[in-house]
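[1] Predicted coordinates and the sequence they were generated for:
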Amino acid sequence: MRKGIVFMMLLSLLMGACAAKTDPPTLKVAAAADLTLAFQEVGKRFEAKTGTRVVFSFGSTGQLAEQIENGAPFDVFAAANVQAIDKLTKEKLVVPETAHVYALGRIGIATKLKSVQTLNDLLKDDIKKIAIANPDHAPYGLAAKQTLQHAGIWEKVQPKIVYGKNIADTLAYVESGNAEAGIVALSLMKTSHVDFHLIKEAMHAPIQQAVAVMTATKHREEAKQFVAFLRSTEGQEIMKKYGFSLPKGK
């Protein structure tokens, strides 16, 4: 009887060890805040397809890149601009052959006011605050600044500008009423109830969304699978659904 109990205990431990070995890993993906809605769907589809779970950390591209440089244990980095990936590639922090531009972002004016539809409307007296992401570390904030400069109104509206930590934080300024208008990502508008007016792409430098696998990842194959899924027909259709344009060749 005693031998039987010991045998069952050993068998249970052995089965547990085998299960632990076969359980798929959880990928940690650092992703720009504009990807919040799109990547939530990408993550669900990827997990259903591969069994690999994905946990996202959303934030501004610059701040996430800094975390990676300081040793943050991410497996994949999806930035809002290709320059961030290029810089990390030079620092040997990403696997070079996995670096790709997979989507192009779009921006527009978000507001609750019917009187605001164009960039020049931002000059109106009833617009006290205009929210944009911090251009020092958020590519969408830089695109917003470039747009206002291209329109010739940057210096005029600068006293009204309030900076969000990232593009999701910027939209929150408008939704909460803490800013009468903001320049935000089209990709975040599916669940928002503010009015949105798309800005022409020619008003700013292209917002090239880029992704790469981290050199330090312990799950390189699974991380490569995530990048491959993002670039697949299924992944690209999800990106289009949330307002992203596809790079040439897609």
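    Great, that's in hand.
[2] Run a quick neighbour tally on Pro96.
    12 (other C-beta atoms under 10 Å). In this view, the C-beta of every residue, glycine as well, is placed from N, C-alpha and C.
[3] That one contacts Thr89, correct?
    Yes: using C-beta atoms under 8 Å, Pro96 is in contact with Thr89, at 5.6 Å.
[4] Find the residues that touch each one of those two.
    Ala212 (C-beta atoms under 8 Å, 6 or more residues apart in numbering).
[5] for Glu66, what are its contacts?
    Glu66 sits in contact with His137, where contact means C-beta under 8 Å, 6+ apart.
[6] how far away is it from Val227?
    Taking C-beta to C-beta, to the nearest Å as the criterion, Glu66 is separated from Val227 by 22 Å.
[7] just Ala48 next, same as before
    Taking C-beta to C-beta as the measure, Ala48 and Val227 are separated by 17 Å.
[8] who has more neighbours, these two?
    The neighbour count for Ala48 versus Val227, taken as other C-beta under 10 Å, is higher for Val227 (21 against 8).
[9] Tell me the predicted confidence for the more buried one.
    In this prediction, Val227 carries a pLDDT score of 98.
[10] For it, pull up the helix or strand it's in.
    Element membership of Val227, judged by DSSP states H and E, is helix 220-231.
[11] Show me which residues of whichever helix or strand comes after that helix are buried.
    Remark: after helix 220-231, the chain's next helix or strand is helix 233-241, criterion DSSP H and E. For helix 233-241, burial by neighbour count (16 or more other C-beta atoms under 10 Å) applies to 235-236, 238-239.
[12] so which of these comes closest to Ile132?
    For Ile132, the nearest member of the buried residues of helix 233-241 is Met239. The distance, counting by C-beta to C-beta, is 23.0 Å.
[13] how much space is there between the closest one and Ala78?
    With distances defined as C-beta to C-beta, the gap from Met239 to Ala78 amounts to 11 Å.
[14] what is in contact with those two at once?
    Residues touching both Met239 and Ala78 (C-beta under 8 Å, 6+ apart) are Leu230.
[15] Need the pLDDT of Pro24.
    At Pro24, the predicted lDDT confidence score is 79.
[16] That one and Thr52 touch, don't they?
    Yes: judged on C-beta under 8 Å, Pro24 makes contact with Thr52 at a distance of 4.5 Å.
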